[in-house]
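Peer 1: sequence plus the predicted model coming up.
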Amino acid sequence: MSEPNPTAAETTIVDEQVLFTLAELCRACNATSAQLTVLIEEGVLEPIGSAPEDWRFPGPSLPRARTALRLAQDFDLEGPGIALVLDLLDEMESLRVRLRRAGLR
């Protein structure tokens, strides 16, 4: 069985210096503020600022939010499940990087 082609959400590259407001991130992800707030409460997204009207999200938050929303939709996951899967995906990527650096992959 071959690997599926990555979707646009999985291949989006955003400059780390870019900052999104909550409204901008909602539009970019086609999500509601309630959906993103759940991701924030679970630690999936970490805004800069103390209140929703002050929140700013660095560029890498966009692909992370899109991945989280896709996990929720495709696998019917809720906040804790999304956070767990993203932690595992992050760990897998970290291990891949270590293998490449060690010349084992």
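Peer 2: Cool, the structure landed.

Peer 1: need the helix or strand of the chain with the lowest average pLDDT.
Peer 2: Lowest on mean pLDDT, DSSP states H and E among the helices and strands of the chain sits helix 8-11, with a mean of 46.

Peer 1: output the below-cut-off pLDDT ranges for this structure.
Peer 2: Applying pLDDT under 70 to the chain flags residues 1-14, 105.

Peer 1: dump the residue contacts of the residue sitting nearest the centre point of the chain.
Peer 2: Centroid check for the chain by CA atoms, centre = their mean gives residue 64 as the closest residue, at 1.1 Å. Counting by CB atoms under 8 Å, 6 or more residues apart in numbering, residue 64 touches 44-45, 86. C-beta here means a position set from N, CA and C on the backbone, and glycine is covered the same way.

Peer 1: which of those residues lies closest to residue 19?
Peer 2: Nearest to residue 19 among those, counting by CB to CB, is residue 45 at 13.0 Å.

Peer 1: for the closest one, which non-adjacent residue is spatially closest?
Peer 2: Once flanking residues are discounted, residue 45 sits nearest to residue 39: 4.6 Å by CB to CB, 6 or more residues apart in numbering.

Peer 1: that neighbour in helix, strand or coil?
Peer 2: At residue 39 the chain is in helix, as set by DSSP: H, G, I helix; E, B strand; the rest coil.

Peer 1: what strand or helix carries the nearest residue to residue 43 once chain neighbours are set aside?
Peer 2: Here the nearest residue to residue 43 in space, its sequence neighbours aside, is residue 83; by CB to CB, 6+ apart that works out to 5.9 Å. Using DSSP states H and E, residue 83 maps to helix 79-101.

Peer 1: can you give the contact residues for that helix?
Peer 2: With CB under 8 Å, 6+ apart, helix 79-101 has contacts from 38-39, 41-44, 64, 67-68, 71-72, 75, 77, 105.

Peer 1: in that helix, which residues are buried?
Peer 2: Buried residues in helix 79-101, counting neighbours by 16 or more other CB atoms under 10 Å, are found at 79, 82-83, 85-86.
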